[in-house]
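Asker: fold the following and give me the result.
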Amino acid sequence: MKNVWDCMVIGAGQSGLAVGYHLKKRGWNYWILEASSQAAGSWPRYYESLTLFSPAGFSSLPGLRFPGEPDRYPTRDEVITYLTHYAKHFELNVATNKKVTNITKEGKLFLVETESEKWAAKTVIAATGAFAHPYIPDLEGLHQFKGRILHSSEYKNTEEFEGKRVVVVGGGNSAVQIAYELAKVAHVTITTRRPLSFIPQTFFGKDLHFWLRVTGIDKASFAKHLGTRVSVLDTGIYRKAIADKKPELRTLFQAFYEEGVYWEDEHEPIDGVIFATGFRANVPYLQSLPQALDSEGGPIHEKGISSNIRGLGYVGLSGQRSLSSSTIRGVGRDAEYVIKRLTKEKESLGTLQGV
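Answerer: Here you go, the predicted model:
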């Protein structure tokens, strides 16, 4: 390795692209390494009917407005198109089909390994975010169940579930959206540990995100943990659908058995279960860095700056600095902050050569 890069960015989704924008703006030498074949992060793997929970006018990365009517809610495919266009528009240094397998430190430099290469860098920003490592709770009997089990990140459309008996586990936006869609073609129950909580999508004719912005809550550090509370943004259609039992709502079942689930007062055969139970931080490539991760594999950091590893930063983590940290509207602010904090580390290394 002869080249030493100022920064290696892991992941070319919304977080990595926002980082790339600010790195290029500051004249850093960098690469964004993306495991897949396009600069769109996890979006191509989401279900087909997914729409952004924020309007287009509140869903832009830095420097480039999301196109179209600002009050509409962009579809999954529109987001993919926007992200890939963003990378090309700013001519960001994205290397696709480069899955990072391990990161270590040799002296003061990071060594970033893919399956066939090694890259040397003064700093590293992990931008694989919080939406690429699905979490499925280990409920009693799960491994005995013979029906279909999948995470919401694997769900694509209703086709394979038509006429089936399906249980959706979870109480957030994705769980309710999927259950609502499936209830049109299948017998569906959405099941949660706690009662569903609904938040109106609009107040006084304005989308919730308008009020989050004008009040400053969207950027405020005190509100960063609000994003971890499970609530459903609703124009009224979901609350009504559940009142009509399409889908029906029940408290989480007690356990699985081979053919189905045990409810509190009965057992019932089911065909499949969809877990809309969220994600965990997706940073397995940092396991070789001592004290970078906690016992559960999550980053140890303060506002996106590693607490123990100099030169290591994060963008795209839930609650990283604000309520919007893991969203398309918020990653740009966090990217700028992290890069400013890492600048001193980069400059202190001067013109170090590769190893």
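Asker: where does the stretch 1-150 of the chain dip in pLDDT?
Answerer: When residues are selected by pLDDT under 70, those of the stretch 1-150 of the chain lie in 1-2, 130-132.
Asker: what are the ranges of the strands in it?
Answerer: 4-10, 30-33, 94-95, 100-106, 109-114, 118-126, 148-151 (DSSP state E, counting those that start in this stretch).
Asker: domains in the protein, by residue range?
Answerer: Domain assignment for the chain, taken from automatic domain parsing, gives 4-133+279-348, 142-194+230-275.
Asker: show me what contacts residue 147?
Answerer: Residues near residue 147 by Cβ atoms under 8 Å, 6 or more residues apart in numbering: 259-260, 270-273. In this view, the C-beta of every residue, glycine as well, is placed from N, C-alpha and C.
Asker: repeat that for 6 Å
Answerer: Residue 147 is in contact with 270-272, counting by Cβ atoms under 6 Å, 6 or more residues apart in numbering.
Asker: of the domains of the chain, which is nearest residue 209?
Answerer: Closest of these to residue 209 is domain 4-133+279-348, at 4.2 Å (criterion: Cβ to Cβ).
Asker: start and end of the closest one, how far apart?
Answerer: Taking Cα to Cα, to the nearest Å as the measure, domain 4-133+279-348 stretches 14 Å from start to finish.
Asker: cool, and stretch 251-267?
Answerer: Using Cα to Cα, the two ends of stretch 251-267 sit 14 Å apart.
Asker: just stretch 312-322 next, same as before
Answerer: First-to-last residue span, stretch 312-322, Cα to Cα: 20 Å.
Asker: just give me how far it sits from the chain centre.
Answerer: Relative to its parent chain, stretch 312-322 has a centroid offset of 11 Å by Cα atoms, centre = their mean, to the nearest Å.
Asker: stretch 299-310 too?
Answerer: On Cα atoms, centre = their mean, the centre of stretch 299-310 falls 19 Å from that of its chain.
Asker: what about dumping the CA coordinates of that stretch to CSV?
Answerer: Output of stretch 299-310 as CSV, limited to C-alpha atoms (Å, rounded to 0.1, in the frame of the first residue of the first chain):
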residue,chain,number,x,y,z
PRO,A,299,-20.3,1.4,19.1
ILE,A,300,-18.9,3.1,22.2
HIS,A,301,-19.1,6.8,21.2
GLU,A,302,-20.0,10.3,22.2
LYS,A,303,-22.0,12.2,19.5
GLY,A,304,-20.5,10.0,16.8
ILE,A,305,-16.9,10.2,17.9
SER,A,306,-15.4,7.0,19.2
SER,A,307,-14.7,7.1,22.9
ASN,A,308,-11.6,4.9,22.8
ILE,A,309,-10.2,4.9,19.2
ARG,A,310,-8.7,8.1,17.9
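Asker: buried set for that stretch?
Answerer: 299, 301, 303-306, 309 (16 or more other Cβ atoms under 10 Å).
Asker: next one: stretch 69-81
Answerer: By 16+ other Cβ under 10 Å, the buried positions in stretch 69-81 come out as 73-74, 76, 78-80.
Asker: wait, which of those residues is closest to residue 39?
Answerer: After measuring those against residue 39 - Cβ to Cβ - the closest member comes out as residue 80, at 9.5 Å.
Asker: next one: the closest one from residue 91, what distance?
Answerer: According to Cβ to Cβ, to the nearest Å, residue 80 and residue 91 sit 19 Å apart.
Asker: give me whichever of the domains of the chain is most buried.
Answerer: Mean neighbour count, computed with mean count of other Cβ atoms under 10 Å, is highest for domain 4-133+279-348 among these, reaching a mean of 20.
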